[in-house]
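[1] Give me a 3D structure for the following:
(chains A, B and C)
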Amino acid sequence: MYDIVNGLINTTFGWNWPGWVIALISHLLVTTLLFAIAPFQMLFLTYYERRAIARMQDRIGPNRVGPAGLLQPIADGVKMFTKEDIVPAAADRWVHFLAPCVVVAPTMLMFAVLPWGPGMVPVDLNVGLLFFFAISSISAVGLLMAGLASSNKFALLGAMRAVAQMVSYEIPAVLSLLAVVMLTGTLSIVQLIEAQAGLFISSADVPGVPDLGLGWFIFTPVGLLAFIVFFIAALAEGERTPFDIPEADSEIVAGYMTEYSGMKFGLFYLAQYVLNFLLCAIAAVIFFGGWQGPGVGWLYDRAISPANPDGNWVFNLLAGFLGVFYLLAKTYAFFFVMVWLRGAFPRLRVDQLMDFGWKFLIPLTLVNIVSAAIWVALLRWGPEQGITFTQNWTPILRWGVAFAVTLAVNIVAYIALARIFAASQAEQGRIDLDEYRDTLTATLR
Amino acid sequence: MATVIQIIFGLIAALIVGAAVMVVTVRNVIHAALWLIACFFGVGALYLLLEAEFLAVVQVLVYVGAISILILFAIMLTRQVTGEGVRQLVGGWRLWLTAAISALLFAVAIVPTVISHSWNVPAPPAPPGTPEPLAGVAELGRAFVYEFLLQFQVAGVLLTVALIGAIVIAFEERARRRRVLTLAEEHELRKRLAHPPPVEAPAGEPAPAPRATPISEGEVQQ
Amino acid sequence: MNTGKLAFPMPLPAGVGTPSAPGGLEGQTSQEKPVRISVRRSRVDGCSTKDPAMFKTEELQINIGPQHPSTHGVFRMLVTVDGETIIDLKPVFGYLHRNHEQIAEQNTYLQNMPYTDRLDYFNSMANNQAYAMAVEKLAGIEVPERAEYIRVLMVELTRILNHAGALGFLINDMGMWQTQLAFGMREREKILDLFEMASGARMMCNYFRFGGVVRDLPPEFMPKLKELLVAMPAFVDELERLLRENEILMQRAEGIGILPKELALAYSVTGPVLRGSGVPYDIRKAEPYSVYDRFDFDVPVGSVGDVYDRFLVRIEEMRQSKRIIEQIVEQLPDARGGHINPRARQNVRPPVGDAYARIESPKGELGFYLVSDGSPRPYRYKVRAPSFINLTPLGDMCRGYKVADVVVILGSIDIVMGEVDR
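    Have a look, this model is predicted:
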């Protein structure tokens, strides 16, 4: 954004304003844009989800307000605003009030590092990926606050479930991303995307691959496994079916949101959908190249950028539009999968959820990290690191060997872990009544 | 620019100190924990001000995202949350004694650093060969596996031992810990108590349950 | 283990109420493992019986209901939990009590017919039949053959719609939103259309009369019914495939809420819950009423008695109901006697005496006990409501499972509060 504003004001108009004014203008613009985009994404996502799930359930869905029901979310928003704000008499007033804010603020902050298109990132932090997950973990505090302050047992149970789930599933999510970080050696989201240029083979791995913006990590065995684990963990983080246990309406009413009404409830709702959007977007960014796609790189080479200050701003616009289109298309595809799962699966139970996360996903990600290390060692390392046998291999041979080895490791690990997990599940809960007869007899009523 | 930085620093420092004071003065334990989170957050902001982005993010991830959650979780599982009627170290000589001891301990840790550090002096250009300052992720990682390998490994082993210990505690006498038998288990147990299996069942194989009595006509008809 | 879980006993000999013990279920279960004991371990409670001071946890009391999304009406469960594990559950009902039996004693026999619709408002036809049978027994009214066929047809349709709805609600309680429910409701709508055609009402049909039904089937009824019969197997197969293949659903249902066979008998539960526990007891076979002895159908039973077995039993019952309806479609044109006994008066004044009539309603044994003092009003009117009796083991069945299992177990019992509270 800085480049565009700089190019517009100083180059095109020739006004020669100082750098900090341009930085201020561009940051304000970006922030305003993001704060406008986030709620609109949420509004559209609710509509999208309701229509999609209605199709799966042999119904039509919202279709009365506006053309094809498109204005339904706005009507819902108006309803939220005009509802009475009820605070339970026994509630901890301030904590109850602050909880929705603490939940919404981090989701908004997460937008700060999300790249929308080439050169279209609000802040290019060198630890952007870590920032994303660090910030997202804050909202767990908000959930706990909501549960504790409501003085409602359903809210308390919901908050306990929510936090236990978020804390446990953050680990596989971050570990699966760690494998990808190892592949590229960077935590910057922008560099992660730039590493995914190429055509099925990342041009960072094999030089000279034609750049069609399709060198996504999903095409590597490490990235594929990491994506599967990450998406499952994202479902749990975003409290989507089959992991919508914290707000299981058929069990604990609405979980931590039970005692919220009006716009405070609306804020929780907003935060949840924005978080879902962001998780889908980050999955698209990390594993599916984000804005990478055929044509974006070519356009961006001709646009104004730090590397090419003499470009034409029309190409900025074109590359931006195409990049945003690719990103949103991928994001909505993932969100559709979330909706699909919601229409097709019941929810797990708390203990099943925990077992699955700790006993299956985390070991799987650990194995995946080992395969990522193998990948890096075969592809990048040379005699300096003590790997000599790959010295005379061509890059494409190195890539092929790395692909085969990591694929084998991952498949074997997956099958073995699935067997072990199934065995442990079958074993679980068996109790030898004869062995513990005396102890158990005391418990009979 | 320096003034702006100083003003921001002052604000953050005030937030940290104020939050820290609130942590030890409020009676409600939940509020104390929430103020503690604010305090952690301020420290993260300070790191950011020092351009240690990685440390700032890790501060948020570990302290706000994990440790404070654990604290809140522990509070949630205790009964007296509001703190009314709980005897606290407020007022009297106990308070002052505690304050003095903690201040002394803190001073022991911080005073030598304050005295020996040369303040407001631009750092001299490092002679070639000295390691780079620890700022980025890569440098930090390199330092962990080259310079501080022993400490890193010891910490890792310590954490692993703690994890195993936690698992051992959790799994101790796992079958005896269960109090609630389901209906089917209870029924089976009662059946076995009424008709003990004639032979000692082989290990691992549950004893054959006595065959259910056939349903008599009278039972069905009623 | 999934295949062959449903054991089909030999069809019971007509007129004899004894389940055939040697060839039936008893033989089946003794070969396999008797009961899968202890499927779920509670790991939340960290309470050591050895040292109670260590990890002492506090119990939490939760009121699930009376306003709760998945209590199927105004029903309250007073749940004591330790963490997420249930250590006690007390069902509390009576929120929908509306003095049904007292009101019925102030009405004439015929006036009560629409009241019975409101008992189990999902299955108004079955309620009608049980009540009509009780009054006919009391007053000694003969029912023509054709009317009996129409009655059985209606009750079997009711069974299909009840099970389609009940499974949909159950899966909805498991958190699958209303996907299955929507498809179940789609099938239910088709049946309700048939009901509307025959009786003029969709839910509160009030279709039966003493000595027959209120009017004959309209001519367009049979073609519609045949269409339905053609379309239905696809729906049932789809539902069964969902249940047998959906990993999460099976994890949620298998081994949950086990009701052992002996206890099921002791609790005197009936219907799919009892059959799910492995007791081949079905009044249509045990004491054939109406024209059930002319039809060829099987009684599905489960082997474990968990939620999953109740699922499967209901699905299989839908298939068996379809079989019965197909036989009715064949035999109905030959049946004689019109839709109502011409000698049956609209309002009856039965002689002094009492009568108990029971049918296999979709939820279990539905019985009406009537005492007549010779007046046009029943002296005593008592409903043996299957929902109510099946609810009694709920508290014990839930013990030791998780909070999330409560709604599933409750859903698998399949209650309607209108019948529980009366």
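[2] okay, and the helix or strand of chain B with the least pLDDT?
    helix B:217-221 (a mean of 40; mean pLDDT, DSSP states H and E).
[3] I'd like to know how many residues surround the residue of chain B found nearest chain A.
    Going by Cβ to the nearest Cβ, chain A is nearest to B:Gly65 of chain B, at 2.8 Å. Where C-beta positions appear, they are placed from N, C-alpha and C, glycine not excepted. Using other Cβ atoms under 10 Å in any protein chain shown, B:Gly65 has 26 other residues around it.
[4] just the strands in the stretch 51-200 of chain A please.
    A:198-199 (DSSP state E, counting those that start in this stretch).
[5] That should have said chain B, apologies.
    Using DSSP state E, chain B contains no strands.
[6] what does the domain assignment say about it?
    Following automatic domain parsing, one gets these domains for chain B: B:1-83, B:136-196.
[7] ok, now chain A?
    A:1-77, A:83-374.
[8] can you tell which of those domains is closest to chain B?
    Of those, nearest to chain B by Cβ to the nearest Cβ is domain A:83-374, at 2.8 Å.
[9] now check the closest one, is it near chain B?
    Yes - against chain B, domain A:83-374 shows contacts by Cβ under 8 Å from any Cβ of the partner chain at A:92, A:95, A:125-127, A:130-131, A:133-135, A:137-138, A:140-141, A:144-145, A:147-149, A:156, A:159-160, A:163, A:167, A:170, A:185, A:187.
[10] can you count the residues close to B:Glu147?
    Neighbour tally, B:Glu147, other Cβ under 10 Å: 12.
[11] Show the low-confidence segments of chain B, by residue range.
    B:1, B:77-91, B:118-136, B:172-179, B:196-222 (pLDDT under 70).
[12] got the contact list for residue 157?
    You didn't say which chain, so I picked chain A. A:147, A:252, A:255, C:62, C:84, C:403 (Cβ atoms under 8 Å, 6 or more residues apart in numbering or on different chains).
[13] oops, chain C please
    Here C:Leu157 is in contact with C:125, C:191, C:194-195, C:321, C:325 (Cβ under 8 Å, 6+ apart).
[14] how many neighbours does B:Ala162 have?
    10.
[15] rewinding a little: so which of the contacts of C:Leu157 wins on neighbours?
    Busiest of those [other Cβ under 10 Å] is C:Met125, holding 29 neighbours.
[16] Test for you: state the pLDDT assigned to that one.
    pLDDT recorded at C:Met125 is 88.
[17] mind listing what it touches?
    Applying Cβ under 8 Å, 6+ apart, the residues near C:Met125 are C:154-155, C:157-158, C:195, C:205, C:207-208.
[18] Cross those residues against strands and list the overlap.
    Per DSSP E, the subset of the contacts of C:Met125 in strands is C:Phe208.
[19] farthest-separated two in the contacts of C:Met125?
    Maximum pairwise distance among those (Cβ to Cβ): 13.5 Å, between C:Leu157 and C:Phe208.
[20] Reformat the domains of chain A into JSON lines and put mean pLDDT next to each item.
    Compiled in JSON lines, the domains of chain A are given as follows (pLDDT from 0 to 100):
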{"stretch": "domain A:1-77", "mean pLDDT": "80"}
{"stretch": "domain A:83-374", "mean pLDDT": "83"}
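[21] which of those sits most buried?
    Most buried of these, by mean neighbour count (mean count of other Cβ atoms under 10 Å in any protein chain shown): domain A:83-374, with a mean of 21.
[22] tell me the average confidence for stretch C:59-74?
    78.
[23] where does chain C dip in pLDDT?
    Across chain C (using pLDDT under 70), the flagged ranges come out as C:1-58.
[24] Please list all residues in contact with the residue nearest to A:Val102 when sequence neighbours are not counted.
    Distances taken as Cβ to Cβ, 6 or more residues apart in numbering or on different chains place A:Gly142 nearest to A:Val102, at 3.4 Å, with adjacent residues excluded. For A:Gly142, the contact set (Cβ under 8 Å, 6+ apart) comprises A:98-104, A:106, A:271.
[25] Distance check, A:Gly142 against A:Met160.
    14 Å (Cβ to Cβ, to the nearest Å).
[26] follow-up on the earlier one: does the residue of chain B closest to chain A really touch A:Ala134, like I thought?
    Yes - the criterion here is Cβ atoms under 8 Å, and B:Gly65 meets it with A:Ala134 at 6.2 Å.
[27] now A:Phe133, nearest residue through space, not along the chain?
    A:Phe133's closest residue in space is A:Val174 (Cβ to Cβ, 6+ apart), at 5.5 Å.
[28] Please flag which of the contacts of C:Leu157 sit within helices.
    Among the contacts of C:Leu157, the residues falling in helices (DSSP state H) are C:125, C:191, C:194-195, C:321, C:325.
[29] ok, of the residues you listed, which one's closest to chain B?
    C:Ser321 (22.1 Å).
[30] so what's the closest residue to that closest one other than its chain neighbours up against?
    The shortest distance from C:Ser321 to any non-neighbouring residue, by Cβ to Cβ, 6+ apart, is to C:Glu156 (4.3 Å). Residues in contact with C:Glu156 (Cβ under 8 Å, 6+ apart) are C:321, C:324-325, C:328.
[31] residues near the residue of the stretch 201-350 of chain C found nearest chain B, how many?
    Nearest to chain B, among the residues of the stretch 201-350 of chain C, is C:Ile258, at 3.8 Å (Cβ to the nearest Cβ). Neighbourhood size, C:Ile258 [other Cβ under 10 Å]: 31.
[32] ok, so what distance separates it from C:Val81?
    C:Ile258 sits 19 Å away from C:Val81, going by Cβ to Cβ.
[33] now the helices: where do they sit in the stretch 301-422 of chain C?
    C:307-331, C:386-391, C:394-398, C:403-413, C:417-421 (DSSP state H, counting those that start in this stretch).
[34] Send over stretch C:133-146 as PDB, restricted to the C-alpha atoms.
    Provided in PDB are the C-alpha atoms of stretch C:133-146 (Å, rounded to 0.1, in the frame of the first residue of the first chain):
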ATOM      1  CA  MET C 133     -59.900 -51.200  20.800                       C
ATOM      2  CA  ALA C 134     -60.500 -50.700  24.500                       C
ATOM      3  CA  VAL C 135     -63.900 -49.300  23.900                       C
ATOM      4  CA  GLU C 136     -64.800 -52.000  21.400                       C
ATOM      5  CA  LYS C 137     -63.700 -54.600  23.900                       C
ATOM      6  CA  LEU C 138     -65.800 -52.900  26.600                       C
ATOM      7  CA  ALA C 139     -68.900 -52.500  24.500                       C
ATOM      8  CA  GLY C 140     -68.500 -55.700  22.400                       C
ATOM      9  CA  ILE C 141     -68.400 -54.000  19.000                       C
ATOM     10  CA  GLU C 142     -67.300 -56.000  16.000                       C
ATOM     11  CA  VAL C 143     -65.000 -54.300  13.500                       C
ATOM     12  CA  PRO C 144     -65.400 -55.200   9.800                       C
ATOM     13  CA  GLU C 145     -62.400 -56.700   8.100                       C
ATOM     14  CA  ARG C 146     -61.800 -53.800   5.800                       C
END
